[in-house]
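> 3D, please:
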Amino acid sequence: MSILKEFKEFAVKGNAVDMAVGIVVGAAFSRIVNSLVNDVIMPPAGLLVSGSNFSSLKFVLKKAVGESSEVAIRYGEFINALVNFLILAFSIFIFVKLINVLRRDKPPAESEPRNPPA
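Coordinates of the predicted model:
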């Protein structure tokens, strides 16, 4: 079998197309979750905790001197990423759970009882 024929079969298979659609939809969904976390959830949470946005929280190891930039551990960005991940993971969990409920086959109707062999 030629390489081109094998590639064509792979690319046209439902799994490859489904995967591509899933990646595109996942990327778009990720942008929505990022906006939800950064623009809606974190500002009020930052206000409650420290009066600032989490993304600006950092621990400075070395201040900027002259043209050298500061060295800092940006734990606020990490908190944003962690909340982002938790929301995304929970959303995917709920979505998969919903899909599984919709896919669940109804139990087969009871057929007439079989007579055991005599």
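
> return the helix or strand in the chain with minimum mean pLDDT.
Across the helices and strands of the chain, mean pLDDT, DSSP states H and E gives its lowest value to helix 42-49, namely a mean of 75.

> could you identify the helix or strand that succeeds that helix?
strand 59-62 (DSSP states H and E).

> and the following helix or strand past that next one, how far from the chain's centre?
Where DSSP H and E defines the elements, the next helix or strand beyond strand 59-62 is strand 71-73. Computed by CA atoms, centre = their mean, to the nearest Å, the chain-centroid distance of strand 71-73 equals 28 Å.

> go on, stretch 57-77?
The answer for stretch 57-77 is 29 Å, by CA atoms, centre = their mean.

> end to end on it, go ahead and measure it.
Taking CA to CA, to the nearest Å, stretch 57-77 runs 8 Å from one end to the other.

> the least confident helix or strand of the chain: how far from the chain's middle?
Centre to centre, stretch against its chain (CA atoms, centre = their mean), the figure for helix 42-49 is 23 Å.

> which stretches of this structure form helices?
3-12, 14-35, 42-49, 75-103 (DSSP state H).

> pLDDT of the second one, averaged?
For helix 14-35, the per-residue pLDDT values average out at 82.

> which strands or helices does it pack on?
Applying 3 or more CB pairs under 8 Å, 6 or more residues apart in numbering; DSSP states H and E, one finds that helix 14-35 contacts helix 75-103. For the C-beta atoms, the positions are set from N, CA and C on the backbone; glycine is no exception.
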